[in-house]
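In: can't give you the sequence, but here's the structure:
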């Protein structure tokens with residue numbers, strides 16, 4: 001594995017050849033937050049693959065071109081995963097897929113905002129603690145500035161003290177705790193980094 005002397009390249013959009021790898025990485029990190037019921041890894045990755053909006057992501061690529069990290073982005077036009085039923089139908093068939101999609105109506109997203117929201121950051125385990133997440137956040141901040149967003153936002157589960165400390169170390173300030181996600185989800189902190 002390359003060391004710090006060969007930092008990954010950050011780019012906007014997921015190249016088609018990396019769609020499967022991005023779907024697997026995103027599902028591995030956020031699967032429990034995406035669906036309110038159990039699903040196999042194969043089903044979850046297929047759902048993310050079918051619902052992903054590649055232009056709503058930043059990717060970190062190793063010098064070899066391998067995906068080592070990614071950040072989903074959410075703005076007024078939507079997030080990394082499209083909310084329509086098509087992906088559910090592709091994975092579970094017409095009847096079960098539509099029923100499962102209807103259940104996602106229970107999910108409470110964050111309030112609308114003019115900020116650019118980080119829709120999840122995921123880094124491959126062997127690349128953690130090498131500044132990948134920080135580089136993705138820096139690229140997201142630059143992208144947000146270019147588009148005129150006043151700030152970046154992130155959402156962190158209230159019990160995730162390590163995550164809160166990491167975000168605050170990067171300059172994010174906590175706003176009020178909110179009930180986001182599924183009705184049974186723990187409260188979450190919304191953090192904001194003014195640009």
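Out: In hand now; what should we look at? Predicted model, so just to flag it, every value in this text is computed and none were measured.
In: tell me which element the residue nearest in space to the middle of the chain is part of?
Out: In the chain, the residue lying closest to the centroid (Cα atoms, centre = their mean) is residue 120, at 2.4 Å. Assigned by DSSP states H and E, residue 120 belongs to strand 116-123.
In: and what of residue 110?
Out: Judged by DSSP H and E, residue 110 forms part of no helix or strand.
In: quick revisit: so for the residue nearest to the centre of the chain, what's the pLDDT?
Out: Note for residue 120: predicted pLDDT of 90.
In: The strand holding residue 120: partners in the sheet, and parallel or antiparallel?
Out: strand 67-74 (antiparallel), strand 151-157 (parallel) (DSSP bridges).
In: right, and these - which one's nearest residue 92?
Out: strand 67-74 (22.7 Å; Cβ to Cβ). For every residue, glycine as well, the C-beta is placed using N, CA and C.
In: hmm, who's touching that closest one?
Out: Strand 67-74 has contacts (Cβ atoms under 8 Å, 6 or more residues apart in numbering) with 8, 14, 18, 21-22, 25-26, 56-62, 79-81, 116-124, 127, 132-133, 135-137, 139-140, 143.
In: again, only this time at 7 Å
Out: If you take Cβ atoms under 7 Å, 6 or more residues apart in numbering as the criterion, strand 67-74 is touched by 8, 18, 21-22, 25-26, 56-62, 79-80, 116-124, 127, 132-133, 136, 140.
In: how much space is there between the residue nearest to the centre of the chain and residue 111?
Out: 18 Å (Cβ to Cβ, to the nearest Å).
In: For the residue nearest to the centre of the chain, give me its contacts.
Out: 26, 29-30, 72, 80.
In: sorry, back to before: and the next helix or strand past the strand holding residue 120?
Out: helix 132-147.
In: just how off-centre is that following helix within its chain?
Out: Its chain's average C-alpha position is 14 Å from that of helix 132-147, according to Cα atoms, centre = their mean, to the nearest Å.
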